[in-house]
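Participant: For reference, the sequence and a predicted model appear below.
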Amino acid sequence: MATVVFIHGTGVREPGFSALAGRVAAEFAALRDGLRVVPYYWGGLHGATLAGGGLSLPPEAGVSRGIGDVPAEAGPDDETSAWAVLYADPDAELALAAAEAASTTERPPGSVPPEQQIQTLLEKLATQGDGPATELGPGLAGAASELAAHPLLGPAAAALPPDELAAVAARRLVARIVAATLEADDPLVPTGDTRDTAVDRVAQALGAPPRGAERGLGTTLLRLVSRGASQAVVRRRRALTEAAHPAAGDVLRYLSRGEAVRADLRVLVAGLKPPVTLIGHSLGGIIALDTLITAPLPQVRLLVTAGSQAPFLYELGALPSLAHPAPLPSHVPPWLNLYDRRDLLSYVGAGLFGERVTDIAIDSRQPFPASHSAYWTHPTVYRHIAGRLP
């Protein structure tokens with residue numbers, strides 16, 4: 001009797017695992033008579049847990065933990081949330097100001113457009129290079145030139161007094177620079193103090209008098225940010241961590257202490273009659289491949305991975321059992337690797353291992369991260385596997 005050992009992926013726990021394993025067994029039973037499906041539930045014994053009950057989490061504002069307590073007023077606030085909005089969309093505050101402008105009316109002949117003064121100052125700023133914001137890195141000149149021709153600048157200028165417009169423009173320029181830094185994954189992201197000092201300096205270059213670095217942040221933009229939003233996120237950190245840590249924690253724990261998981265899988269397979277197929281989803285695929293590489297399992301005639309990061313870890317030099325460019329050992333059986341282009345956690349192996357791996361594209365028509373979990377409800381997945389079972 002042929003046997004399939006199903007190895008689950010990251011973050012899976014009961015009762016979800018039993019439902020998943022039951023679905024897999026039912027799908028295979030409909031395609032092949034007499035096929036035995038044996039689940040390997042490693043998450044219960046070897047999965048990640050917060051052993052100390054979350055003692056590694058920083059205390060919430062105002063919650064005492066003794067020496068080194070964080071004062072209640074410290075921590076994220078509405079200003080931080082507002083800057084998060086600007087990093088995501090540097091034009092957000094400008095658009096809000098423009099929306100407050102009165103309906104467009106015909107200007108009297110010879111009248112000066114309200115944006116003309118700041119346009120002139122922006123164009124002058126563009127000639128100064130990184131100038132007043134040099135500590136933020138490159139980009140000020142280009143951002144100033146772009147803003148001078150921005151279609152929202154005129155309506156915003158009609159709605160705001162010159163000093164406030166200068167501050168809004170300064171925040172927009174600085175947000176554009178920081179957003180570009182974040183997008184480029186630059187490890188040198190400025191602190192809030194550095195950012196605010198640059199905002200104040202740029203605002204003065206645009207005609208505003210010296211003021212506090214915050215420049216009135218919140219009078220318009222904070223209408224997008226409900227009061228206490230950042231504090232709510234901090235309060236929810238424990239819940240967010242406890243919800244997310246099994247998935248990320250399982251990977252970290254396996255990469256640092258994975259031998260026990262592999263040992264238990266070897267014991268399970270040793271008690272099965274051939275032919276055996278190992279099917280691993282996500283981290284389960286890494287576990288299956290690592291186990292097969294580290295010691296021959298002659299019962300296993302086929303390896304199947306779905307949504308697995310094993311090829312990526314190998315190329316990265318992080319696969320525990322095999323370092324690039326060493327080839328797969330000859331005792332590793334044929335490998336069927338299923339991936340979905342929309343699954344950002346799936347990778348292909350043929351480019352690294354040649355004919356030892358057969359990559360098959362699956363299209364769940366789901367966005368990520370749903371695409372990472374949609375393999376086991378996709379009939380095509382089971383047909384591809386069933387057609388190759390020994």
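Facilitator: Now that the structure is in, tell me what you want to look at. Numbers count the residues shown, from 1 in each chain.

Participant: where does the stretch 201-350 of the chain dip in pLDDT?
Facilitator: For the stretch 201-350 of the chain, the stretches flagged by pLDDT under 70 are 211-247.

Participant: Kindly recompute the last result at 80.
Facilitator: 211-248 (pLDDT under 80).

Participant: cool, the stretch 1-150 of the chain as well?
Facilitator: For the stretch 1-150 of the chain (pLDDT under 80), the answer is 50-81, 100-114.

Participant: make it 70
Facilitator: Applying pLDDT under 70 to the stretch 1-150 of the chain flags residues 57-78, 101-112.

Participant: Would you state the strands of it in chain order?
Facilitator: With strands called from DSSP state E, counting those that start in this stretch, the stretch 1-150 of the chain shows them at 3-7, 36-40.

Participant: would you turn those into CSV with distance to residue 205 and mean neighbour count?
Facilitator: In short, each C-beta sits where N, CA and C put it, glycine included. Listed next are the strands of the stretch 1-150 of the chain as CSV, based on distance: least, C-beta to C-beta, whole Å; neighbours: other C-beta atoms under 10 Å:
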stretch, distance to residue 205, mean neighbour count
strand 3-7, 60, 23
strand 36-40, 64, 18
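
Participant: Can I get those strands in TSV including distance to residue 141?
Facilitator: TSV is the format used below for these (distance: least, C-beta to C-beta, whole Å):
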stretch	distance to residue 141
strand 3-7	55
strand 36-40	59
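
Participant: Looking at those strands, spot the one closest to residue 304.
Facilitator: Distance to residue 304, taken as C-beta to C-beta, is lowest for strand 3-7 among the strands of the stretch 1-150 of the chain, at 8.5 Å.

Participant: What pairs with the closest one, parallel or antiparallel?
Facilitator: Partners of strand 3-7 in the sheet, by DSSP bridges, are strand 36-40 (parallel), strand 276-281 (parallel).

Participant: How many residues are close by residue 192?
Facilitator: 12 (other C-beta atoms under 10 Å).

Participant: Thought residue 8 was touching residue 20, still the case?
Facilitator: Yes. Counting by C-beta atoms under 8 Å, residue 20 does reach residue 8; the two are 6.4 Å apart.

Participant: if we can go back for a sec, wait, which of the strands of the stretch 1-150 of the chain is closest to residue 192?
Facilitator: So among the strands of the stretch 1-150 of the chain, strand 3-7 is nearest, using C-beta to C-beta, at 45.1 Å.

Participant: Who are the contact partners of the closest residue to residue 344 other than its chain neighbours?
Facilitator: Spatially, and ignoring its direct neighbours in sequence, residue 344 is nearest to residue 368 (4.8 Å; C-beta to C-beta, 6 or more residues apart in numbering). For residue 368, the contact set (C-beta atoms under 8 Å, 6 or more residues apart in numbering) comprises 342-345.

Participant: how does it look with 7 Å?
Facilitator: By C-beta atoms under 7 Å, 6 or more residues apart in numbering, residue 368 lies in contact with 342-344.

Participant: any idea which of those is closest to residue 382?
Facilitator: Distances from residue 382 to those, taken by C-beta to C-beta, are shortest for residue 343, at 17.1 Å.

Participant: excluding its backbone neighbours, what's nearest the closest one?
Facilitator: residue 371 is the one closest to residue 343 (C-beta to C-beta, 6+ apart), at 4.2 Å.

Participant: what helix or strand is the one you found on?
Facilitator: helix 370-373 (DSSP states H and E).

Participant: Quick one: residues in contact with that helix.
Facilitator: 282, 307, 340, 342-343, 345, 364.

Participant: In CSV: these, plus neighbour count, secondary structure and distance to residue 183.
Facilitator: Shown next, in CSV, are these (neighbours: other C-beta atoms under 10 Å; DSSP: H, G, I helix; E, B strand; the rest coil; distance: C-beta to C-beta, whole Å):
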residue, neighbour count, secondary structure, distance to residue 183
282, 28, coil, 27
307, 28, coil, 27
340, 23, coil, 25
342, 18, coil, 21
343, 25, coil, 23
345, 20, coil, 21
364, 19, coil, 28
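
Participant: closest to residue 142 among these?
Facilitator: The closest of the contacts of helix 370-373, once distances to residue 142 are taken by C-beta to C-beta, is residue 342, at 33.6 Å.

Participant: Quick check, residue 159 in contact with residue 96.
Facilitator: No. Taking C-beta atoms under 7 Å as the definition, residue 159 is not a contact partner of residue 96, at 9.2 Å.

Participant: Looking at the contacts of residue 368, which one is closest to residue 141?
Facilitator: Nearest to residue 141 out of these is residue 344 (C-beta to C-beta; 35.0 Å).

Participant: quick one, phi/psi of that closest one?
Facilitator: According to degrees, to the nearest 10, the main-chain angles of residue 344 amount to phi -70, psi 0.

Participant: List of residues touching stretch 174-185?
Facilitator: Contacts for stretch 174-185 (C-beta under 7 Å, 6+ apart): 86-87, 90, 133, 136-137, 139-140, 143, 189-190, 195, 198-199, 202.

Participant: Scan the residues you listed and report the most crowded one.
Facilitator: residue 133 (30 neighbours).

Participant: ok, that one touching residue 140?
Facilitator: Yes. If you go by C-beta under 7 Å, residue 133 and residue 140 touch, sitting 4.6 Å apart.

Participant: ok so, going back, farthest pair in the contacts of stretch 174-185?
Facilitator: 189 and 202 (18.0 Å).

Participant: which residues in the stretch 151-300 of the chain form helices?
Facilitator: 153-159, 162-183, 192-205, 229-235, 237-257, 259-270, 283-294 (DSSP state H, counting those that start in this stretch).

Participant: oh sorry, the question was meant for the stretch 1-150 of the chain
Facilitator: 16-31, 43-46, 78-88, 92-99, 116-126, 140-148.
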